[in-house]
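Asks: 3D model of this:
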Amino acid sequence: MYFIYYLLAILIGSLLTIKSEWFLNNFGRVEWAEKHLGLDGGSRLFYKLLGIAIIIIALLFMTGLMQNWLLGFFFPFLNPKL
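Replies: Below is the predicted model:
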């Protein structure tokens, strides 16, 4: 059942990446993105980066690599004795 959710997340991420102009017209500009990511294209870039991040996270969960990645990233902070 989770497989379907991950495919749906990949589809949503793809739509965010491909149709960023549509999302910009319907949801408006992101002020933080306009200030920090570029002049006039900051919101478009933000929608594209958000879509790519959703795709990558869904693929990591789908393949079972997310747990290994999280443990590898946070383990040094959780166990400082090593």
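
Asks: give the contact list for Ile12.
Replies: By CB atoms under 8 Å, 6 or more residues apart in numbering, the residues touching Ile12 are Gly51, Ile54. Any C-beta I mention is one placed from the backbone N, CA and C, and that applies to glycine too.

Asks: name the residues that touch the longest helix along the chain?
Replies: Counting by DSSP state H, the longest helix found in the chain is helix 42-63. Applying CB under 8 Å, 6+ apart, the external contacts of helix 42-63 come out as 2-3, 6-7, 9-10, 12-18, 20-21, 23-24, 28-30, 32-38, 66, 69.

Asks: give the buried residues for that helix.
Replies: Of all the residues in helix 42-63, those buried under the rule 16 or more other CB atoms under 10 Å are 42-44, 46-48, 50-51, 54-55, 57-58, 60-62.

Asks: which one of those residues is nearest Pro76?
Replies: Using CB to CB, Leu60 is the member of the buried residues of helix 42-63 that lies nearest Pro76, at 19.5 Å.

Asks: picking that back up, buried among the contacts of helix 42-63? Make that a PyMOL selection.
Replies: To isolate the buried members of these in PyMOL, using 16+ other CB under 10 Å:
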select buried, resi 6+9+10+13+16+17+20+23+24+30+33+34
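
Asks: now intersect the contacts of helix 42-63 with the helices, please.
Replies: Reading helices off the contacts of helix 42-63 with DSSP H, I get 2-3, 6-7, 9-10, 12-18, 20-21, 23-24, 32-36, 66, 69.

Asks: elements contacting the worst-scoring helix or strand of the chain on mean pLDDT?
Replies: Sorting the helices and strands of the chain by mean pLDDT, DSSP states H and E puts helix 66-78 at the bottom, at a mean of 82. In this structure, helix 66-78 packs against helix 42-63, with contacts taken as 3 or more CB pairs under 8 Å, 6 or more residues apart in numbering; DSSP states H and E.

Asks: pLDDT wise, what is the one residue sitting closest to the centre of the chain at?
Replies: Closest to where the C-alpha atoms of the chain average out (CA atoms, centre = their mean) is Ala53, at 2.1 Å. Reading off the confidence values, Ala53 has pLDDT 97.
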